[in-house]
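Novice: prediction below, plus the sequence it came from.
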Amino acid sequence: MRIAILGAAGRMGQNLLRCAAKTEGCEIVAAVERPGHPCLSAAVPEAPALRYTADWPADAQAVIDFTFHECVTANLANAVANKQAVVLGTTGLTDAEKQCVADAAAQIPIVWAANMSLGVNLLLELVKRAAAVLGQGYDIEIVEAHHRLKKDAPSGTALSLAEAAAAGRGVALRDVACCGREGIVGERPTGEIGIHAVRGGAIVGEHTVSFISDEETVAIAHTATSREAFATGALRAALWLNARAPGIYTMRHVLGFAD
Ligand code: NAD
C-alpha cells in the first residue's frame, strides 16, 4: 500500500518512518512536513529514496496524520479531493474540527483513534468483557504509572479503561469513579471504580486493571516500552483501510471487535 506520513519530522512521524521500513506491505511514498520546516528537501534517512516535502502526496493511497489539530481540516480536504484513506492520530481536535472528520468520512474511509497501540486497544476490550462477566462482586481498581514529566493525571488511557469497565457494567463512569483516596474515606462503596496515578523516573506507560473479589484477583496489565507501539498500530490501520468503504472506523474495527 502506498502510504504518506504527515508530520514526518515529528516524534510520531519519525517512529512511523522507522516502523514502516520493517512492515510488510507498507511503501512510504512521501514524508510531508509543514511549509517552512527546516527539514524540507533534506533526504529522509529511513527512506533514502525520499526527501521531506511540503507538497500534498497525491499518489498515496492512504495518509497517516500525526500533526497538529489546526492542520487536520485542510489535510482532510486534500484527502477527500484525492480520494485517499486517512489514519488520524492527531489529538486535541476542537468540536468544529471533529465535525470536519465526520463530514470527510461521508466520502473517504478514516481510522480515528486517540491511542493507536494494538495492546491498549486489546486491553480496553478485555476490560469491558471482564467487567461484564465478573459483575459487582469484584471491586475494580486501576493503577497507572508514567514518567515524572507527565503533566496530566490520571492518564487519558486510564480514564478510557475506566470508561470501558463502566460500559461493561452498564453504568456511567461519572457515577462510580474515585480518583485517588485520602483521609477517612469510609468503606468502599459497591460498584466504585478506583483510579490511581504513580509518577516517577522514565516510565513510558503502565496500566493495570484489577478485579478483586473476596476469593480471587484477576489483573489485566499493559506496559508500553516505546512510542513505536502507536506507530505499529497506525500502520496496521492504514493497511486495514485498503479498499474500505467511506466511514469513521476505530481501532476496534481494525482489531476485528466491531463490524
Ligand atoms: P510533534 O510535535 O513531535 O510532531 C508533529 C509534527 O507535525 C511536527 O514535525 C510539525 O512540524 C508537523 N506539522 C505541523 N503542521 C503540519 C502540516 N500542516 N503538514 C505536515 N506536517 C505538519 O508531535 P508528536 O508527538 O509526533 O504528536 C503528533 C500528534 O499525534 C499529537 O496530536 C499527539 O497528541 C498525537 N499522538 C497520538 C497518538 C495516538 O496513538 N493516536 C500517539 C502519540 C501522539
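Specialist: Received the coordinates, thanks.
Novice: can you give me the helices in the chain?
Specialist: 11-20, 72-81, 95-104, 118-134, 156-169, 173-176, 228-240, 251-254 (DSSP state H).
Novice: would TSV of these with mean neighbour count be doable?
Specialist: C-beta: built from backbone N, CA, C; applies to glycine. Below are these laid out as TSV (neighbours: other Cβ atoms under 10 Å):
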stretch	mean neighbour count
helix 11-20	22
helix 72-81	18
helix 95-104	14
helix 118-134	19
helix 156-169	21
helix 173-176	13
helix 228-240	23
helix 251-254	21
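Novice: identify whichever of these lies nearest to Ile195.
Specialist: Among those, the nearest to Ile195 by Cβ to Cβ is helix 156-169 (5.5 Å).
Novice: ok, the closest one near the ligand or not?
Specialist: No - figure legend: helix 156-169 not in contact with the ligand (Cβ under 6 Å from any ligand atom); closest approach 9.5 Å.
Novice: and the average pLDDT for that helix is what?
Specialist: What helix 156-169 shows for mean pLDDT is 94.
Novice: for Val44, list each beta-bridge partner.
Specialist: When assigned by DSSP bridges, Val44 has beta-bridge partners Ala47.
Novice: so what's the residue count around the spatially closest residue to Thr190 that is not a sequence neighbour?
Specialist: Excluding the flanking residues, the one nearest Thr190 by Cβ to Cβ, 6 or more residues apart in numbering is Gln136, at 5.7 Å. The local packing of Gln136 (other Cβ atoms under 10 Å) involves 12 other residues.
Novice: can you check Cys39 too?
Specialist: 16.
Novice: now swap in Asp259 and tell me
Specialist: 5.
Novice: where does it land on pLDDT?
Specialist: Here, the pLDDT recorded for Asp259 equals 71.
Novice: quick one, what contacts it?
Specialist: The contact partners of Asp259, by Cβ atoms under 8 Å, 6 or more residues apart in numbering, come to His253.
Novice: what's the answer for Leu134, then?
Specialist: Counting by Cβ under 8 Å, 6+ apart, Leu134 has contacts Phe211, Ser213, Val218.
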